[in-house]
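A.B. asks: structure here, sequence nowhere to be found:
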DNA sequence: AAAGAGTCCAACCGCGACCAG
DNA sequence: CCTGGTCGCGGTTGGACTCTT
């Protein structure tokens, strides 16, 4: 199997096969393109480099701010974060975080004397650890202010059915920015608020 | 100018989830 | 259920490039 950097010729062949067959069944794509690359490698190349509408470099201040806020909320869930940044890939955001933002955060933390609690190798922040994330009770249409709020982070942050321009509830939540994930009671209230905001704004829209 | 250190990013790897048979 | 194939994710690596001494 060929490994290492892709050539322009390989890119061209891969794009050609995907244009005909679509971006699925990566093993057969790799075979059809006759690239001597594994399907996994082809998939990665397509998603991170060849796919249409990819933005490269120059992460704007707005994007950086969004990454910081979403990371605070979600931890190292790069694909989820990338999903909120059109044209950006999870790999790019992960790299940007590791090379720019993590240092920025650590620097800030040192300056203010506050520990940022970074460096969790599991990638799951306290929101995942302290909270039993269960399937949201589907019959429960109201969100009670008690400690039994069930919250599925994957379900909650699944934006696949959302209009990208219709995420006002998320913007408002991110603007709150004043919660502490380690206090599970505060988190519970925060999640309650979040669910109410999401439902409320959706019903208005 | 050269060498070593640091930075960045494309690509690889391992693992778990999902799904069809 | 079980199994094998496939996919997607997050962590890690390697090499090119830049900076510092």
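C.D. replies: Thanks, I have the structure now. Computed from a prediction, not measured in an experiment: that's the story for all the values here. Residues are numbered from 1 along each chain as shown, chains lettered A, B, ... in the order given.

A.B. asks: contacts, neighbours, all on C-alpha from now
C.D. replies: Noted.

A.B. asks: check contacts around residue A:82.
C.D. replies: Contact partners of residue A:82, counting by Cα atoms under 8 Å, 6 or more residues apart in numbering, are A:88-90, A:93.

A.B. asks: buried subset of these as a ChimeraX selection?
C.D. replies: Isolation of the buried members of the contacts of residue A:82 (16 or more other Cα atoms under 10 Å) is achieved in ChimeraX through the command below:
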select /A:88,89,90,93
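
A.B. asks: lowest average confidence, helix or strand, in chain A?
C.D. replies: Between all helices and strands in chain A, the lowest mean by mean pLDDT, DSSP states H and E belongs to helix A:126-129, at a mean of 35.

A.B. asks: up against DNA strand C, what does chain A have?
C.D. replies: Within chain A, the positions lying close to DNA strand C (Cα under 7 Å from any atom of the strand) are A:24-28, A:39-40, A:43, A:76-80, A:90-91, A:95, A:120-123.

A.B. asks: these also near DNA strand B: which ones?
C.D. replies: Of the residues in the residues of chain A next to DNA strand C, proximity to DNA strand B by Cα under 7 Å from any atom of the strand holds for A:91, A:95.

A.B. asks: output the below-cut-off pLDDT ranges for chain A.
C.D. replies: Along chain A, the parts satisfying pLDDT under 70 run over A:105-205.

A.B. asks: element containing the residue nearest to residue A:29 when sequence neighbours are not counted, please.
C.D. replies: Ranked by Cα to Cα, 6 or more residues apart in numbering and with sequence neighbours excluded, the top spatial neighbour of residue A:29 is residue A:17, at 6.5 Å. Remark: residue A:17 resides in helix A:8-21, with elements defined by DSSP states H and E.

A.B. asks: thank you kindly, that will do.
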